[in-house]
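[1] 3D, please:
(3 chains, ligands or ions: 1)
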Amino acid sequence: MAKAELMNYEMALEQFEVVIGLEVHIELNTKTKMFCGCRNEFGNEPNTNVCPVCIALPGALPAVNKTAVESSIKIGLALGCSIAPTGRFARKNYFYPDLAKNFQTSQYDEPIAFEGSLDVETPSGKVHTVLIERAHMEEDAGKLTHIGGSTGRIQGAEYSLVDYNRAGVPLVEIVTKPVFGAGAEAPELAAAYVRSIREIVKALGVSDARMERGNVRCDANVSLRPHGTEKLGTRTETKNVNSLRSIERAVRYEIQRQAHILANGGTITQETRHWHEDRGATSAGRPKSDADDYRYFPEPDLVPVQPSKELIESLRASLPEKPADRRKRLAADWGFSELEFRDVVNADLLDSIEETVAAGAKPQAARKWWMGELARIANESEEGVVPNITPAQVAELAALVEAGKINDRLAREVLGYVLAGEGSPAEIVAARGLEVVSDDGALIAAINDALAAQPDVIDAIREGRMQAAGAVIGAVMKAMKGSADAARVRELLIEMANK
Amino acid sequence: MSEITPDLVRHLAGLARILVTDEEVEHFAQQLSVIAESVATVNKAIDADTPSTSHPIPMFNVFREDVVRPSLTQEQALSGAPDAADGRFKVNAILDEE
Amino acid sequence: MSDLIRKTAAELAGLLASGEVSSVEVTKAHLDRSAAVDKAVHSYLYQNPESALASAAEVDRARAAGEKLGPLAGVPIAVKDNLTTTDAPTTSGSKILEGWIPPYDATVVAKLRAAGLPILGKTNLDEFAMGSSTEFSAYGPSRNPWDLERIPGGSGGGSSSVVSSFQAPLAIGSDTGGSIRFPAAVTGTVGTKPTYGAVSRYGLIALASSLDQVGPVARNVLDTAMLQDVIAGHDPFDSTSLPESLGSMTEAAKKLDIKGMRIGVIKQLSGEGFQAGVTARFNESLNLLANAGADIVEVSCPSFEYAIAAYYLILPAEASSNLAKFDSVRYGMRVEPNENATIERVMAATREAGFGPEVKRRIILGTYALSSGSYDKYYGAALKVRTLIQRDFDAAFAKADVLVSPTGPTTAFKFGDKIDDPLAMYLNDIATIPANLAGIPGMSLPNGLAVEDGLPVGIQLLAPAREDARLYQVGAWLEQAHENIWGKRMIDFAPELEVG
Ligand SMILES: [Zn+2]
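    This is a model prediction of the structure:
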């Protein structure tokens, strides 16, 4: 496929105002599916979490999961939405082999929650208020695997296989109103918005919120209009943007692609587009057409949901603090500089650091580990995430350093063994005998050896030139293969010089 | 002229995924025109303020507790399938998308 | 003809309880009857003698062991083929589901099994219950035992003919717009559409979810009541299932008292369009009721004029969506088109080949009624008419305890009479449809024979939602009154079938 021509980003923003809209799907972490008692679980054998309801056997009927409704209301409340006095399910009719009934049970004109807002901070520190149009309940589709042709792609496949384990998993779809005025920050705002939604649903405990597993999925609508005009431009809806980085890139790409077309007198086709992370580009899907006549109508097999005031208030009372409030609190508690804190937020490490601190680490130590060594390992890995380490393990590592049991160099070595799955840091230090040597006898012997090669150092220290100590400390470290307690070596040197 | 044209029948059959023959299209267009005209009389009975009834017996808040129930076995799930492979339902290649 | 097959379910239950007959004997007698007459009548799409006899033997064993059994334990029954059964194919009268054996039992079927009723087989119906004659069954029509050239009503013509030809004392039907009541009327039998939600729909292959209701079919009111008591009750698998019990229908059917009852005659459901013999018998019954001390009042339901139109929008709309699941992926037929066999085209070719013309007609109509641009004019407007019909009923039931009308406008018509005229066929449901739109219970019971053709006529009783018991109370009284006048049960006027 020919790569679309793009306009330079700054030029695009000079000519056009960007309007974005975001639809985020949250997979809830209920025990069972939305409309049946099958397990809501990832990674099982295909078609083992299925029943007459979720594979749409003739005669089967849906029954609404109470916990899913409560989770949906919680999400609505956390987004400042009003909760509908009557919410109704509706059928969205379209044929697709991953949709067993060939309609999706969703909500249409009576969503459970509507009219909310969310303050979202972009990396620049600017806070945007994103207006939420609605949050509604629906169900996920099954999973298609395309066989034959090129590597699992739909085109050229010989046939496809359908697994309905995911069919009927509860989803909440959160839809924003058009977002104006983000300007050049629109891509960052899109990503920051999804990050905030993730933080909220995680804090609520209603979703595992793992983007790599598809627990959080985003469709990004982008349209452009010339500055100063009223009428919204034709929008495209980019699907399959399933990481924060992709969201930012996809929105930026669409801005540049659309700007090029419009600036050259073309028109934008209203269509679904697909984001390809590998190519860094979107491609056209089906054009929106008559085929998108979904023929919504009230789901006759389900009765309306009318949450009582008491239920809504008890759910409201159970809400955790808002992400913006939480950030303020953490920033104050941790005492990071503004820049340090923003970097942590942008690296999506608030949770990890908070949990590490909760496990006993000092905030700066936690930050140092997550933003430093662990971030470096993550960047080098293929998926961009650090596997196999818990905040508690990081806290334990920091505690070992803090107590002087290991030094930084040893700690990095221990970390390597933790990631390799050898156990907790303390276990590894014990098992591998990695503890620093702070036994004065061994240290003094090594210092004497080093001094024999550099006899001038003691005099230099006596004269107050402390930097001279470095050479001896280095030599002791080398001789003891890094396990010397550097601070103790320094103290011993000063003692010897002062004798 | 009737609102149910052969083209409309073809379009509706497409939405409903039915591969109608030309002969059927003509036949349905004629029959459905008569029926559509007849059923459209419902508009004479109502006005904008008439409330809708979608459930014959009004009920609210019927929920299922979030408790796992036994699922079908994979074998049972696939037992009626015209074609299956690797524990999954097998279908012909999908047109469209991308 | 074995004596056993002419007995009512209540009589059989008595014989079984006293040990005079075994369930195996009773079941065998009915299977033998089917072997003799069902070639001609074609009530069944599938019979399962082994399974039925095994269930019967199990009930006999349990009875011998002194286990506690339900009142109908051991009495065999036939089940309409749009209810799922794990031991018999379930087709809903469609080619698209030919040979499909469900991996689960419908709730009603599970209740029958638990209550010890051996299931003789699955009865014929118009494809997906769309029709009034069984002529739209993909497997050929069932015939009316009163006259094999005539329709047994539909969609539940298999269930009505199975009880009227003495192949089963009891049957299960489903009623979306009259599919239990109209067949009962034209075969001289009894059928009830309970209050919407009184009987679970779980495992009923949906036609129109907001109209469908499963109900009992039998040859007299008491048997029908006993069967409703077995199948009714809350089901957590059906979210529209009523949470409360509606009480004992059997007791209501034994009251035999209608003094002081206010009986409402629906002005719009009489006179023009009704066969003369139907109207004459209807008026006779009104006199019977009045003479016995009931208050006869006239009620007006002006919105009924629009009931058929609303029904033929709501039903196709819901059906178009309910039937979307038949797509060749998970069960049922698969047809590959000759060229370019993508899954989209396979689905479309399968649905073209697997659905009959009436089903396609209604799917396309329903798709139209819901499509953008038509929704408000069609489906949306129909939902509003539904409100008006409920209001009419509310007003009528303020004046009357039970409403009455003829069940159908005519006696059984001949095969082919209406098959090419959908609108004429649809008009057949004029008296039965309002109850489905409003969710209220309705019963049809024999109301004598029409003078002009000697065929059975039905009378329909309607009660407010949840007041099903009133139907059984009035129905049982009227049945008794008719028997007193005619000298025997209406079904006993049916000609003997040739046994072949
Ligand atoms: Zn399931």
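
[2] For chain B, give the residue positioned nearest to the ion.
    B:Ser71 (6.1 Å; C-beta to the ion). (C-beta placed from N, C-alpha, C; glycine too.)

[3] can I assume C:Ile258 is in contact with C:Ala476?
    No: C:Ile258 is not in contact with C:Ala476 according to C-beta atoms under 8 Å; the separation is 9.5 Å.

[4] Neighbour count for those two, which is higher?
    For C:Ile258 versus C:Ala476, neighbours defined as other C-beta atoms under 10 Å in any protein chain shown are more numerous around C:Ala476 (26 against 22).

[5] Pull up the gap between the more buried one and chain A, please.
    Plainly put, C:Ala476 is 32 Å away from chain A if you go by C-beta to the nearest C-beta, to the nearest Å.

[6] in whichever strand or helix holds that residue, what's buried?
    C:Ala476 is part of helix C:468-486, with elements assigned from DSSP states H and E. Within helix C:468-486, the residues that count as buried by 16 or more other C-beta atoms under 10 Å in any protein chain shown are C:468-479, C:481-482.

[7] Just the CA trace of the one helix or strand C:Gly366 maps to, in CSV.
    The secondary structure element spanning C:Gly366 is helix C:357-370 (assigned by DSSP H and E). Output for helix C:357-370, consisting of C-alpha atoms alone and laid out as CSV, is shown next (Å, rounded to 0.1, in the frame of the first residue of the first chain):
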residue,chain,number,x,y,z
PRO,C,357,-40.4,-17.4,1.8
GLU,C,358,-42.5,-16.3,4.7
VAL,C,359,-39.5,-16.1,7.0
LYS,C,360,-37.6,-14.0,4.4
ARG,C,361,-40.5,-11.8,3.9
ARG,C,362,-40.8,-11.0,7.6
ILE,C,363,-37.0,-10.6,8.0
ILE,C,364,-36.9,-8.1,5.2
LEU,C,365,-40.0,-6.3,6.5
GLY,C,366,-38.5,-6.2,10.0
THR,C,367,-35.2,-4.9,8.7
TYR,C,368,-37.1,-2.2,6.9
ALA,C,369,-39.1,-1.3,10.0
LEU,C,370,-35.9,-0.8,12.1
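
[8] Past that helix, which element shows up next along the chain?
    Beyond helix C:357-370 on the C-terminal side, the first helix or strand identified by DSSP H and E is helix C:381-399.

[9] can you give me how far that next one is from the chain middle?
    Centroid displacement of helix C:381-399 relative to its chain, using C-alpha atoms, centre = their mean, to the nearest Å, is 23 Å.

[10] Going toward the C-terminus from that helix, what's the next helix or strand?
    Proceeding C-terminally, helix C:381-399 gives way to strand C:402-406 as the next helix or strand, assigned by DSSP H and E.

[11] Pairing partners for that next one, with directions?
    According to DSSP bridges, strand C:402-406 has the following sheet partners: strand C:262-266 (parallel), strand C:456-462 (antiparallel).

[12] can you list the residues that contact that strand?
    The set of residues external to strand C:402-406 that reach it, using C-beta atoms under 8 Å, 6 or more residues apart in numbering or on different chains, is C:185, C:261-266, C:269-270, C:274, C:278-279, C:281-282, C:285-286, C:289, C:299, C:393, C:396-397, C:431, C:447, C:457-463, C:470-471, C:474.

[13] doesn't C:Ile419 fall inside a helix?
    No: under DSSP: H, G, I helix; E, B strand; the rest coil, C:Ile419 sits outside any helix and is assigned coil.

[14] which residue sits closest to it, ignoring its sequence neighbours?
    When the adjacent residues along the chain are set aside, C:Ile419 lies closest to C:Glu135, with 5.3 Å between them (C-beta to C-beta, 6 or more residues apart in numbering or on different chains).

[15] Return the residues in contact with the one you found.
    Contacts were defined as C-beta under 8 Å, 6+ apart; by that measure C:Glu135 touches C:126, C:141, C:151, C:154, C:415-416, C:419.

[16] Try it again at 10 Å.
    With contacts defined as C-beta atoms under 10 Å, 6 or more residues apart in numbering or on different chains, the neighbours of C:Glu135 are C:126-127, C:141-142, C:151, C:154, C:157, C:356, C:358, C:415-419, C:425.

[17] List the buried residues for the host helix or strand of A:Leu493?
    Using DSSP H and E, A:Leu493 sits in helix A:486-498. Within helix A:486-498, the residues that qualify as buried are A:486, A:488-490, A:492-493, A:496-497, counting by 16+ other C-beta under 10 Å.

[18] Give me the neighbour count for the residue of chain B closest to the ion.
    Per other C-beta under 10 Å, the neighbour tally for B:Ser71 reads 23.

[19] so it, which of the three states?
    Of the three states, B:Ser71 takes coil according to three-state DSSP.

[20] Pull up the gap between the residue nearest to C:Ile419 and B:Ile18, please.
    Computed with C-beta to C-beta, to the nearest Å, the distance linking C:Glu135 and B:Ile18 is 21 Å.

[21] Can you check the pLDDT for the residue nearest the centre of chain B?
    Nearest to the mean C-alpha position of chain B, counting by C-alpha atoms, centre = their mean, stands B:Ala16 at 6.2 Å. The predicted local distance difference test score for B:Ala16 is 97.

[22] so who does it touch?
    Under the criterion of C-beta under 10 Å, 6+ apart, the contact partners of B:Ala16 comprise A:93, A:95, A:102, A:295, C:320-321, C:323-324, C:348, C:351, C:355, C:360, C:363-364, C:366-368.

[23] cool, C:Trp477 as well?
    When contacts are counted by C-beta under 10 Å, 6+ apart, C:Trp477 is found next to C:221, C:253, C:255-259, C:261, C:288-289, C:292, C:294.

[24] which among these end up buried?
    The buried subset of these - by 16+ other C-beta under 10 Å - is C:221, C:253, C:258, C:261, C:288-289, C:294.

[25] sorry, back to before: switch the contacts of C:Trp477 over to JSON lines; also include secondary structure and distance to B:Ile4.
    Formatted as JSON lines, the contacts of C:Trp477 follow (DSSP: H, G, I helix; E, B strand; the rest coil; distance: C-beta to C-beta, whole Å):
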{"residue": "C:Val221", "secondary structure": "helix", "distance to B:Ile4": "44"}
{"residue": "C:Ala253", "secondary structure": "helix", "distance to B:Ile4": "48"}
{"residue": "C:Lys255", "secondary structure": "coil", "distance to B:Ile4": "52"}
{"residue": "C:Leu256", "secondary structure": "coil", "distance to B:Ile4": "53"}
{"residue": "C:Asp257", "secondary structure": "coil", "distance to B:Ile4": "53"}
{"residue": "C:Ile258", "secondary structure": "coil", "distance to B:Ile4": "49"}
{"residue": "C:Lys259", "secondary structure": "coil", "distance to B:Ile4": "54"}
{"residue": "C:Met261", "secondary structure": "coil", "distance to B:Ile4": "47"}
{"residue": "C:Leu288", "secondary structure": "helix", "distance to B:Ile4": "48"}
{"residue": "C:Leu289", "secondary structure": "helix", "distance to B:Ile4": "46"}
{"residue": "C:Ala292", "secondary structure": "coil", "distance to B:Ile4": "52"}
{"residue": "C:Ala294", "secondary structure": "coil", "distance to B:Ile4": "48"}
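
[26] Distance-wise, check whatever residue of chain A ends up closest to chain B relative to the ion.
    Scanning chain A for proximity to chain B using C-beta to the nearest C-beta identifies A:Gly37 as nearest, at 3.0 Å. Relative to the ion, A:Gly37 is positioned 7 Å away (criterion: C-beta to the ion, to the nearest Å).

[27] Quick check: that residue touching A:Ala63?
    Yes: because the distance of 8.2 Å satisfies C-beta atoms under 10 Å, A:Gly37 is recorded as touching A:Ala63.

[28] which residues do the two both contact?
    Any residue near both A:Gly37 and A:Ala63 by C-beta under 10 Å, 6+ apart counts here, and that gives A:53, B:64-65, C:237.

[29] The residues you listed: which two are farthest apart?
    Taking C-beta to C-beta as the measure, the shared contacts of A:Gly37 and A:Ala63 span a maximum distance of 15.4 Å, between A:Val53 and B:Glu65.
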